[in-house]
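Undergrad: give me a model of this one.
(one chain, ligands or ions: 1)
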Amino acid sequence: PAASRPLVAGNWKMNGMRHAGAELLAMVEGYDSALAARVDLLVCPPATLLAQFAATAAETGIAIGAQDCHSATAGAFTGDLSAEMLADAGASHVIVGHSERRTLHQESDALVKAKVEAAWRAGLVAIVCVGESEAERRSGAALEVVAAQIRGSVPQGARGDRLIVAYEPIWAIGTGLVPTVADVEDMHGTIRRVLGEVSGEAAAMRLLYGGSVKPENCDALLSARDVDGALVGGASLKAADFLAIANIY
Ligand code: PEP
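TA: A predicted model of the protein is given here:
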């Protein structure tokens with residue numbers, strides 16, 4: 001890994017009722033001082049659980065994040081949540097531009113960039129997701145597609161302490177399929193080089209791999225060059241799996 005401390009982040013997506021607080025408590029228990037010395041943990045529950053989770057995780061070292069934000073501060077945007085509201089509920093991070101939002105909510109690179117700026121305005125760390133489709137991978141366009149997403153979604157002057165990039169090939173999300181280590185290394189190297197065009201701190205930025213990361217396959221993926229951690233979907237819902245992934249560090 002290039003960054004000083006790896007990060008294992010969990011994206012719960014639209015999963016989790018209040019009783020899932022028990023799973024977070026198990027994560028808190030498993031995040032002992034030996035593990036905390038090696039790796040950062042972040043849990044991104046649905047927004048309904050943010051305040052509850054932030055209260056449970058306070059002073060445990062586990063950070064709590066949101067899964068999306070609106071670009072505006074407040075106003076007539078029914079159903080949306082501003083970055084300021086998420087910070088007020090106890091979030092320190094927010095995921096933006098997840099492929100499910102880019103696809104199902106037609107989010108453009110320009111909108112994702114506005115959301116990153118909103119996150120920074122509210123004092124949140126933005127986790128920008130990028131990744132190619134299966135057709136783009138097959139046609140050999142993956143590197144250029146992701147480079148264009150980075151150029152379009154990451155604001156100029158991004159700082160290493162406020163921006164994290166997650167590379168999530170769409171065809172690997174929730175499918176059990178994963179790219180080869182060589183492909184991940186190629187992609188992460190490209191992402192870091194393109195980040196260098198917008199930021200002087202690209203070398204220290206954390207680049208996460210995401211897409212079907214599980215305890216059984218995470219070793220090789222997370223040991224790859226230029227991989228500074230993972231964004232984990234399905235396997236982040238269970239404390240045992242999430243902690244097993246973190247424990248490879
Ligand atoms: C995700 O959607 O961020 C993700 C990585 O999902 P999964 O781990 O379930 O593939």
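Undergrad: with adjacent residues omitted, what lies nearest to Met14?
TA: In space, and not counting its chain neighbours, Met14 is closest to Pro46: 6.0 Å by Cβ to Cβ, 6 or more residues apart in numbering. Using the backbone N, CA and C atoms, a C-beta is placed for each residue, glycine as well.
Undergrad: the one you found is in contact with Arg18, isn't it?
TA: No. Pro46 lies out of contact with Arg18 (Cβ atoms under 8 Å); the separation is 10.7 Å.
Undergrad: the two: which is more packed in?
TA: Ranked by neighbour count (other Cβ atoms under 10 Å), Pro46 and Arg18 place Pro46 first, with 16 against 9.
Undergrad: ok, now which ones touch that one?
TA: Trp12, Lys13, Met14, Asn15, Gly16, Gln67 (Cβ atoms under 8 Å, 6 or more residues apart in numbering).
Undergrad: in this structure, where is pLDDT below threshold?
TA: Counting by pLDDT under 70, the chain contains low-confidence ranges at 1-3.
Undergrad: tell me the residues of it that contact the ligand?
TA: By the rule Cβ under 6 Å from any ligand atom, the part of the chain lying against the ligand is 11, 168, 173-174, 210-213, 231-235.
Undergrad: give me the buried entries from the contacts of Pro46.
TA: Buried members of these, counted by 16 or more other Cβ atoms under 10 Å: Trp12, Lys13, Gly16, Gln67.
Undergrad: of those, closest to the ligand?
TA: Closest approach to the ligand among the buried ones among the contacts of Pro46 (Cβ to the nearest ligand atom): Lys13, at 6.5 Å.
Undergrad: in TSV: the buried ones among the contacts of Pro46, plus distance to Gln149 and secondary structure.
TA: Formatted as TSV, the buried ones among the contacts of Pro46 follow (distance: Cβ to Cβ, whole Å; DSSP: H, G, I helix; E, B strand; the rest coil):
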residue	distance to Gln149	secondary structure
Trp12	23	coil
Lys13	20	coil
Gly16	28	coil
Gln67	18	coil
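Undergrad: so what does the longest helix anywhere in the chain touch, helix or strand wise?
TA: What stands out as the longest helix in the chain, according to DSSP state H, is helix 181-198. Under the contact definition 3 or more Cβ pairs under 8 Å, 6 or more residues apart in numbering; DSSP states H and E, helix 181-198 sits against helix 142-153, strand 163-167, strand 206-210, helix 218-223.
Undergrad: on that earlier part again, quick check: the two most widely separated of the buried ones among the contacts of Pro46?
TA: Gly16 and Gln67 (10.9 Å; Cβ to Cβ).
Undergrad: from the protein, which residue is nearest to the ligand?
TA: Taking Cβ to the nearest ligand atom, the chain has Gly233 as its residue nearest the ligand, at 2.1 Å.
Undergrad: who touches that residue in this structure?
TA: Taking Cβ under 8 Å, 6+ apart, one finds Gly10, Asn11, Lys13, Ile173, Gly174, Gly210 in contact with Gly233.
Undergrad: which stretches of this structure form strands?
TA: Counting by DSSP state E, the chain has strands at residues 7-11, 40-44, 63-66, 93-96, 125-130, 163-167, 206-210, 229-232.
Undergrad: what's the closest non-adjacent residue to Arg151?
TA: Spatial nearest neighbour of Arg151, chain neighbours left out: Val194 (6.4 Å); criterion: Cβ to Cβ, 6+ apart.
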